[in-house]
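>>> Mind folding the following:
(3 chains)
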Amino acid sequence: MSWTDERVETLKRMWAEGQSASQIAKELGGVTRNAVIGKVHRLGLSNRVGGNGSRDEIEEEVAPATGTTAASPAPAAPRPEPARPADPPRSADPRPAPERPAPVAPVAPVPLRKPLVTAGQPLPPQPSANEISPEALASVREVEKRARRLTLMELTERTCKWPIGDPATEDFWFCGLPSSPGKPYCEAHVGVAFQPMSARRDRRR
DNA sequence: CCCTGATTCGC
DNA sequence: GCGAATCAGG
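Take a look at the predicted model:
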């Protein structure tokens, strides 16, 4: 595989989206995450800066470094300190605003997520204490106490993706325990997710 | 152990 | 330019 324009484009897009190198490699196929990372660096977009506010330049280039540890006390960065846009803009302002209702914090501490998933159709499995073996149910209850409570983004190919709680509220997370190889759920949840046809024969009436 | 990105260096 | 091997972490 070679880096065609299209593949590079995909790489750039996914990298900008914050996808990991391994995910990108998987998507592209035919390359490893190392290849992706290597390419990312060659493209000069190693610093994953999409819209981050903290601009920390790492412009250190201590040249000498002769064998032993150079005891140079560091050049002491000059730090120009660009300009403090504190509030001088309102230079000749004879009558400052009476009062500011609120300082207004630049960032809301709480995302204020509520209707993340409005009551929709595709509510996942959710065992309805229906026709599930008692032992399997017990196992699930037990396991859910130890669930890792992962968020959607934290799931990987080998974490249990069993949803727990109400998707419409904050009380929602994914099991996250190690999933059975090749299965989407951990052992306990596999037990309730995949039922033999024989075991679930009619109940609809 | 799973994963992440960073770097090196022979090709 | 490429990417496996390796490094350095979480």
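
>>> Residues of chain A that sit close to DNA strand B?
A:19-23, A:33-34, A:37-38, A:40-41, A:46-48, A:156-158 (Cβ under 7 Å from any atom of the strand). Quick note: C-beta positions are derived from backbone N, CA and C, even for glycine.

>>> Buried members of those residues into ChimeraX, please.
Typed into ChimeraX, the line below selects the buried ones among the residues of chain A next to DNA strand B, using 16 or more other Cβ atoms under 10 Å:
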select /A:19,21,23,37,40
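
>>> Show me the residues of chain A next to DNA strand B that map onto helices.
A:21-23, A:33-34, A:37-38, A:40-41 (DSSP state H).

>>> List phi and psi for residue A:177.
The phi/psi pair for residue A:177 (degrees, to the nearest 10) reads phi -70, psi 160.

>>> For it, which residues are in contact?
By Cβ atoms under 8 Å, 6 or more residues apart in numbering, the contact set of residue A:177 is A:143, A:146-148, A:159-160, A:186, A:188.

>>> Residue A:14 now?
For residue A:14, the contact set (Cβ under 8 Å, 6+ apart) comprises A:23-24, A:27.

>>> and the one helix or strand in chain A whose mean pLDDT sits lowest, which residues are buried?
Taking mean pLDDT, DSSP states H and E as the measure, chain A has helix A:134-145 as its least confident helix or strand, at a mean of 75. Neighbour-count burial for helix A:134-145 flags A:136-137, A:139-140, A:143-144 (criterion: 16+ other Cβ under 10 Å).
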